[in-house]
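Q: This is a predicted model, with the sequence first.
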Amino acid sequence: MDALTLLALLAIITVLAFDCSNGFHDAANIIATVIASRAMSPAQAVMIVGVFELLGPLLGGTAVANTIGSFVDLADVPRLQAVEIVFSGVLGAIAWNLITWWKGLPSSSSHALVGGLVGAVLASVGGRHVVWGLEALMHGHVGGVTKVILALLLSPVAGFAAGLFVQRVMMRLLHRARPGVNRYLRGAQFFTAMGLAFSHGANDAQKSMGILTLILMLGGWIKTFAVPFWIMLACAGALTAGVMLGGWRIVRTLGFAIYRVRPLHALDSQLTAASVIFGASVLGAPVSTTHVVTTSIMGVGAAERPRAVRWGKAVEIAWTWVITIPGAALLAIFAGALVRAAVGVFN
């Protein structure tokens with residue numbers, strides 16, 4: 001087996017590991033509110049969410065994968081070096097995911113992946129191989145890193161605003177309701193949790209699908225950027241496995257440390273997040289489920305009792321968001337040095 005094939009196999013395994021860590025990291029985003037509001041037991045939540053996480057990547061199209069596969073341009077880079085760069089970027093993203101999971105911080109796997117890839121490209125072949133998208137933006141088009149960053153920045157704002165709106169509407173509709181309505185609100189969460197899981201799978205698994213397809217194209221195994229079905233299936237399975245394992249440290253943060261979540265809050269935040277994430281998937285915009293779910297909870301809380309929202313925890317999370325891209329980039333640069341050294345020894 002030559003060095004290129006071996007490195008590509010390692011890269012594919014690593015991307016699937018990233019997909020699994022993404023599901024592990026983001027499981028809390030899907031199940032935190034249903035558990036905090038006592039709509040489901042942890043076992044019920046994981047099983048139901050797992051099924052719809054699996055369906056999302058298979059039925060959600062490939063628009064996000066196309067975006068992820070196009071914000072770096074390594075076509076004129078030697079095949080071995082190109083695969084080496086992508087491998088290093090994904091290693092940096094995985095390292096960042098594990099660090100933030102260990103600290104119980106709901107950071108963005110999407111930001112980590114972008115930071116890791118950009119950092120690896122900059123360190124190895126320079127900025128001209130990153131499709132920044134600034135020139136296209138001047139002509140009224142959004143693409144490249146610009147599209148990714150705009151999606152990641154605007155989606156939390158959309159999550160907060162939509163959560164605020166939905167909660168106020170629901171409060172008005174249910175202002176005379178009796179406590180017994182909570183039973184129906186908990187039951188409705190089975191459907192909103194399914195929708196949130198489906199939209200999460202449709203958006204997040206596509207990021208790994210895009211990276212795997214990019215590896216196959218850079219290595220010369222496929223000629224054009226078209227996601228094979230086996231990649232869809234592998235990424236769907238890896239993401240679902242990660243969700244089934246669950247990130248319980250972050251469940252505590254999202255379910256209890258931002259706002260005291262009751263059945264109505266949980267229902268509204270799930271409905272909000274599912275709508276924003278699925279809309280982004282249709283547009284091919286890779287968004288952070290963590291950001292959208294977190295800000296939707298904040299919006300729901302702000303609509304009812306702004307002072308009860310634990311804004312200090314929100315600031316802590318926001319700082320994690322700010323440092324994710326540069327942090328993952330630095331880890332990817334370090335990983336790149338190790339990968340190049342290993343490849344040198346193998347050759």
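A: Arrived safely, thanks for sending.

Q: ranges for the strands of the stretch 51-200 of the chain?
A: Listed in chain order, the strands of the stretch 51-200 of the chain (DSSP state E, counting those that start in this stretch) amount to none at all.

Q: From the chain's centroid, how far away is stretch 278-293?
A: Mean-position distance between stretch 278-293 and its chain equals 8 Å (Cα atoms, centre = their mean, to the nearest Å).

Q: Between the two ends of it, how far is it?
A: Between the opening and closing residues of stretch 278-293 lies a distance of 13 Å (Cα to Cα, to the nearest Å).

Q: A241 contacts C20, correct?
A: Yes. Using Cβ atoms under 8 Å, A241 makes contact with C20 at a distance of 5.4 Å. Every residue, glycine included, has its C-beta placed from N, CA and C.

Q: For those two, indicate the residue with more neighbours.
A: With neighbours defined as other Cβ atoms under 10 Å, A241 and C20 compare such that C20 has more, 23 against 17.

Q: Can you tell me, leaving aside adjacent residues, what's nearest to the more buried one?
A: Sequence neighbours aside, G242 is the residue nearest to C20 in space, at 4.0 Å (criterion: Cβ to Cβ, 6 or more residues apart in numbering).

Q: what residues are up against that neighbour?
A: With contact set as Cβ atoms under 8 Å, 6 or more residues apart in numbering, G242 has these partners: D19, C20, S21, N22, G23, F24, H25, D26, A27.

Q: On the secondary structure side, give me the element for it.
A: Using DSSP states H and E, G242 maps to helix 229-245.

Q: average pLDDT across that helix?
A: Confidence over helix 229-245 (mean pLDDT, whole number) is 89.

Q: centre of the chain versus that helix, how much separation?
A: For helix 229-245, the distance from its own C-alpha centre to the chain's C-alpha centre is 14 Å (Cα atoms, centre = their mean).

Q: Now that helix: buried residues?
A: In terms of neighbour count (16 or more other Cβ atoms under 10 Å), helix 229-245 has its buried residues at 231-232, 234-244.

Q: got it, and stretch 216-229?
A: L216, M217, L218, G219, V227.

Q: Which stretches in this protein count as helices?
A: 3-36, 42-59, 63-68, 79-103, 109-124, 134-138, 144-173, 181-218, 229-245, 248-256, 263-283, 289-304, 311-346 (DSSP state H).

Q: Go through these and find the least confident stretch.
A: When I compare the helices of the chain, helix 248-256 is least confident, with a mean of 55.

Q: Just give the closest residue to I31, not the sequence neighbours.
A: Nearest residue to I31 in three dimensions, chain neighbours excluded: A45, at 4.1 Å (Cβ to Cβ, 6+ apart).

Q: need the contact list for that neighbour.
A: With contact set as Cβ under 8 Å, 6+ apart, A45 has these partners: I30, I31, V34, I35, A193.

Q: Can you give me the distance of E53 to I323?
A: Between E53 and I323 the computed distance is 28 Å (Cβ to Cβ, to the nearest Å).

Q: And those two? Which one has more around it.
A: Taking other Cβ under 10 Å, E53 and I323 do not tie; E53 has more neighbours (32 against 15).

Q: wait, the more buried one sits on S199?
A: No. Distance between E53 and S199: 9.9 Å, which falls outside the contact criterion (Cβ under 8 Å).

Q: Is there a neighbour count for the nearest residue to F190 once chain neighbours are set aside? I'd like the number.
A: Setting aside the residues directly before and after it, F190 is nearest to I48 in space (Cβ to Cβ, 6+ apart), at 6.8 Å. By other Cβ under 10 Å, 18 other residues sit near I48.

Q: Over to the one 4 residues further on?
A: The burial count assigned to F52 is 22, neighbours taken as other Cβ under 10 Å.

Q: Next up, the contacts around the residue nearest to it when sequence neighbours are not counted.
A: Of all residues beyond its chain neighbours, the one nearest F52 is A197 (3.8 Å), with distances taken as Cβ to Cβ, 6+ apart. Listed by Cβ under 8 Å, 6+ apart, the contact set of A197 reads I30, I48, V49, G50, V51, F52, E53, G56, V243.
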